[in-house]
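>>> Model the structure of this input:
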Amino acid sequence: LGLAVDPEAGLLVPVIRDEDKKDLVQLSKDITEVAAKARDRKLGLEEMRGGTFTISNQGGIGGGHFTPIINRPEVAILGLGRGVLKPVVRDGKIEPRLMMPICVSYDHRVIDGGTAARFTVDLIAAFAAFTEAELKR
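Numbering: from 1, shown residues only. As a prediction, the model looks like this:
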């Protein structure tokens, strides 16, 4: 899993390995560690190789919707923009909701478009469930 990090000297994409075997706490620790190493320019070349999917969050620096470009030889990238309050109709009522633009770019030679669309739908549902749970806390 590549993670786009924006240190002063320019964008770097360190890779977190075996992420599918880790829980959210360990992933959070790994992200914190690689981001710090990227900011300090202490990443080794091997720490930036071998990713297949990258997450890029331009929302963290104020960016909105964008189209992320796949970093070869990876096969897909998720772009996250800044969340903003927008009016949304829920149960027939207009209420403010935090809406975050997302975009998934993927290589059709490797990933079927239907599979990618279902991934995006599932990701949005997971974000919504997480947000609802947080709002209830």
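
>>> My guess is Ile102 contacts Thr120. True?
Yes. Here Ile102 reaches Thr120: they are 7.3 Å apart, a contact under Cβ atoms under 8 Å. Every C-beta, even on glycine, is put in place using the N, C-alpha and C of the backbone.

>>> ok, residues contacting the strand or helix carrying Asp122?
Using DSSP states H and E, Asp122 falls within helix 113-136. Applying Cβ atoms under 8 Å, 6 or more residues apart in numbering, the contact partners of helix 113-136 are Ala76, Leu78, Leu98, Met100, Ile102, Val104, Tyr106.

>>> distance of the third one from Phe53?
In this structure, Leu98 lies at 25 Å from Phe53, with Cβ to Cβ, to the nearest Å as the measure.

>>> Looking at these two now, which is surrounded by more residues?
A count of neighbours by other Cβ atoms under 10 Å puts Phe53 above the other of Leu98 and Phe53, at 18 against 12.

>>> how about the nearest residue to the more buried one, chain neighbours excluded?
Ala76 (5.0 Å; Cβ to Cβ, 6 or more residues apart in numbering).

>>> Please report how far the one you found lies from Val25.
25 Å.

>>> For these two, indicate the residue with more neighbours.
Using other Cβ under 10 Å as the criterion, Ala76 and Val25 rank with Ala76 on top: 18 against 8.

>>> Which phi and psi values does the more buried one adopt?
Dihedral pair for Ala76: phi -160, psi 160, per degrees, to the nearest 10.

>>> what kind of secondary structure is Ser56 in?
strand (DSSP: H, G, I helix; E, B strand; the rest coil).

>>> so where's the chain uncertain?
135 (pLDDT under 70).

>>> Please, where are all the strands along it?
Counting by DSSP state E, the segments of the chain that form strands are 2-3, 53-57, 76-80, 84-90, 93-99, 102-106.

>>> Okay then, goodbye and thanks.
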